[in-house]
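# my questions are about this predicted structure, shown below with the sequence.
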Amino acid sequence: MQDRIRNFSIIAHIDHGKSTLADRLLEFTGAISQREMREQFLDKMDLEREKGITIKLQPVRLKYQSREGQEYILNLIDTPGHVDFSYEVSRSLAACEGAVLLVDASQGIEAQTLANVYLAMDLDLEIVGAVNKIDLPGAEPEQVKEEMETVLGMDREDILSISAKTGTGVIDLLEAVVKHIPPPQGDLDAPFQALIFDSYFDSYRGAICYFRVKAGQVHKGDLIRMMSSGCEFEVAELGVINPNMTEVQVLQAGEVGYLAAGIKNVADTKVGDTITLAERPAGQALPGYQEVKPMVFCGLYPLENNDFERLREALERLKLNDASLLYEPESSEALGFGFRCGFLGLLHLEIVKERLEREYDLSLLATAPSVVYKIILTDGSELLLRNPTHWPPAQRIEKVMEPFVKASIMVPQEFVGTIMELCQEKRGAFLNMEYLTPQRVMLTYKLPLAEILYDFFDALKSRTRGYASLDYDLGDFEASDLVKLDIMLNGEVVDALSFIAHEDKAYYRARSIASKLRKIIPRQLYEVVIQAAIGNRVIARESIKAMRKDVLAKCYGGDITRKKKLLEKQKEGKKRMKQIGRVEVPKDAFMTVMSIQDD
Amino acid sequence: MTRDIPPALSLYMHIPFCLQKCRYCDFLSLPLSDSNLLNDYTGALLTEIKLKAPAFNERTVNTIYLGGGTPSLLDGAQVNKVMQAIRDNFNLDQDVETTLEANPATVNRDRLSAYRDAGVNRLSLGVQSFIDSDLACLGRRHRVKDALKTVEDLHQMGWSNFNLDLIYGLPGQSMDGWKYNLEAAAALQPAHLSAYLLQLDPVTPLGRELAQGLWREAPDEQLAAMYQETGRFMSEQGFIHYELSNYCRPGLECRHNLAYWRGRPYLGLGSGAVGCVNDRRTINPWPPADYMDVLKTGVLPPGRVLEVMNRRERLSEAMIMGLRLTGGVSLEEIAGRCGMHPRDKYGPLIDEFVERAWLIESCGKLRLNPELYFVSNQVLCHFID
């Protein structure tokens, strides 16, 4: 049975056609009928379809009859393609024996893809290469294959040419998967061992775990044990996803499936944990995942103060699907009670916020995102600063350190100069330059994480007509000349708007933020003065003149209904505002002011 | 057991015809295609009065308002007929205020006399501006001289209780232009002045031109200055600023409009007229042909219900409407009228706004800070239910 199983994922850059390929695989293996088919089938969230990206991996089991007439079970574990989610990619890969590397025939390999392929290689996964979108004008499959050969050492003869959109070559790809990717190993009679690679919370059934059985077998009704906590549960439901949840009686070594066991507590199903059987436990846990450390933090506050508890519950639930999300309660003078949340990156932040708002019907305000700073105090102690508000007084600070990353940027050679300039602007230090092919260059820079946080990626894309790609690894903390900037509205510091900036850029940032706030904050019934200050020194000032006019229509017997409708609309508008002191600030202001684009 | 005396009633009668549609108008009105229509319409009104009145035989009518459209398209005989019908079918207060809206292009001394004989004791003149080019721009049919002549007639008749309507914020209007209008109006010694900020729906010709960028509104600061100047000038002239857009000589408020702002019941008569009795707001059939068709069959036209208010909505409306009056609202009076004390619903809001000086509370009354009259919606919208 194991011989006929293939567990694999697809590694691809955003827009290189991964979800479309997954759609074709579902279709060609008959997992879904033409009638059920819709685009991006495995991207369950509306959010994913809207953004055209994959956030959440969604495993699926396919039945494939090979050309030789053998029937195979293929477990496809889809992966997200954005740099923020490389952690989820590694989780998917750990459950597989192989991976399909999908590269756009007109774009070539991107930095992020390269990083994920290296990850797969480290895990000894078999790589099946495919060049996609060969049907498009501008496709240069041969050149891309050459690049894959040079950069990854693949044999270009083995790389397939396909079009996921039209279906060309997809059967050849399925053949390559069964031929080249090894079947899973694992002793069917050994004690049960399974790796949880994902889980989510279902209101009726409790936590649902997705897992890969590494050894032994599990039956419905078995008493399982979570190896990290020792908690035990009875398996109420066992099944596979094909792509609907289908119950089975047993899952054994090599297989991928899900289980529900009436697990009510979020903390009892940790992704990366090993499941075993209570009756005959495994001797040791499987190697789990390295805990990811979120490096981007921001405050999330409910717009309605009494939604705090609902926000806590929502975060708890979300955390179950998203091990990388970190949160702890905090309070702000301006915003009341909320949570300081840690994210993998800005996209991650945006997605979590949107999911909280959509799936839990919350209205949230996000404060300016910030990285973690390390502050060495004069007494020798060390402070990890996740919230700029907690910046200690100047006389207590010995040294401030910020996180740096090693960034790999892949770029056509004509843009090398442009990119070097950009990295200079962002306080980058040149590390290396390597020609991957005569046309493509890999630049390596050391950059402060804070500098690439906001708009670096956009700048990279816009200055290279979309050709550059970026991947980065977190490096160490290093000392920097940093200051805390406070923003004041009518003389009062708005703690939620404080941020940390490099001294050389503080003046420019202060002016830019003050001017952005002036544009974002609507006129109020009195003048609003916006100031930016370092300590007591005000370095930027703007003012918003008082509102002078509003609709003043006559209001007699026949006008009352119309008047009320207008007032209702105006009241609705105010709901999108957060009252800070006496100033109504649009709730998006906290995020938008941080974008550094020149305007 | 004592029986509650039902509150007094106001009557609003809508005459939805005009010589032509003004270029800023988005009210329910139609150009008059055939003057015979006025007779038919008057006939329909008489039927409606007869059919509607019996339900209100325990109430006293203390204000009547003939609005439009252009009620002064009706001749003296037609106005007399409807007034007689009202007297025959309703109990009128002996001190009833009866206002008629007139376009200066449509009246002469004889017609004014006939109105007075019919029982009209207050006239509201749609002057809008004392500059002919403004009137042309607004698409008004009358000219400045028509307005001057009408007022002269009124004075000669000894008819002093009249209102002038003015509009500011007209295309190209300067502060000086507005001051000129105020002075010209004051010189005519009206009892009452309504000064409205030009408000344009994008479906009106003038609104469309604004949207197309053919002209631009004056900056907010200038419009606010015009509003301030109106208040300053009118009070200098001895007028009381008693509602956001209304000024009068002492004791000469428009009692009919006060009834709206104080949440008193009113009946709507005529096509498109709105009425509100027992917290039910209804609108009569529109257009006039539909309205007349129903009445021809001798049946009361079914009013379309705009809203039925519960206690909270009643309270909300009482605050929104009442705070338009510069004298403000009496919280106790509202509590009695709405069956719910404003503080029970708006207590914290009122306290906060009083603390910010957006509202002023004194002697059990709550009123808007005059500085905020021109941006009153910013405060009023918080009282929406």
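Arrived safely. None of the values given here were measured: they were computed from a predicted structure.
# CA atoms for contacts and neighbours, from now on please.
Noted.
# which of the three states applies to residue A:142?
When classified by DSSP: H, G, I helix; E, B strand; the rest coil, residue A:142 comes out as helix.
# count of residues packed around it?
For residue A:142, the count of nearby residues is 14 (other CA atoms under 10 Å in any protein chain shown).
# mind telling me what element residue A:529 is part of?
For residue A:529, the enclosing helix or strand under DSSP states H and E is strand A:528-534.
# quick one: that strand to chain centroid distance?
Centre-to-centre, strand A:528-534 and its host chain are 34 Å apart (CA atoms, centre = their mean, to the nearest Å).
# could you do stretch A:545-553 as well?
In terms of CA atoms, centre = their mean, the centre of stretch A:545-553 is set 43 Å apart from its chain centre.
# average model confidence for it?
On average, the pLDDT along stretch A:545-553 is 89.
# list the buried residues for it?
Using 16 or more other CA atoms under 10 Å in any protein chain shown as the test for burial, stretch A:545-553 gives A:547, A:548, A:549, A:551, A:552.
# now the helices for the stretch 151-300 of chain B?
Taking DSSP state H, counting those that start in this stretch, the helices of the stretch 151-300 of chain B run over residues B:175-187, B:205-211, B:220-236, B:255-261, B:288-296.
# got the contact list for the second one?
Think helix B:205-211. Identification of contacts with helix B:205-211 by CA atoms under 8 Å, 6 or more residues apart in numbering or on different chains yields B:23, B:24, B:138, B:200, B:201, B:202, B:215, B:216, B:217.
# residues touching the closest residue to the last one other than its chain neighbours, list them.
The reference is to residue B:217. Leaving out its chain neighbours, the residue that sits closest to residue B:217 by CA to CA, 6 or more residues apart in numbering or on different chains is residue B:171, at 6.6 Å. Residue B:171 is in contact with B:137, B:215, B:216, B:217, B:218, counting by CA under 8 Å, 6+ apart.
# you'd agree the last one is up against residue B:168?
I take that to be residue B:218. No. Assessed by CA atoms under 8 Å, residue B:218 is found out of contact with residue B:168, at 10.2 Å.
# which one's more surrounded, the two?
residue B:168 (23 against 16).
# how much space is there between the nearest residue to that one once chain neighbours are set aside and residue A:210?
Leaving aside its chain neighbours, residue B:168 sits nearest to residue B:197 (5.1 Å; criterion: CA to CA, 6+ apart). The gap separating residue B:197 from residue A:210 is 65 Å, by CA to CA, to the nearest Å.
# higher neighbour count, these two?
residue A:210 (24 against 20).
# for the strand or helix carrying the more buried one, what is the average pLDDT?
Element membership for residue A:210 (DSSP H and E) is strand A:206-215. Strand A:206-215 comes out with an average pLDDT of 91.
# ok, stretch A:76-85 next?
The model assigns stretch A:76-85 a mean pLDDT of 69.
# over to stretch A:493-500?
Here the average pLDDT along stretch A:493-500 is 88.
# ditto for stretch A:195-203
82.
# give the buried residues for it.
For stretch A:195-203, using 16+ other CA under 10 Å, the buried residues are A:195, A:196, A:197, A:198, A:199, A:200, A:201.
# so the fifth one: helix, strand or coil?
Under three-state DSSP, residue A:199 falls in the strand class.
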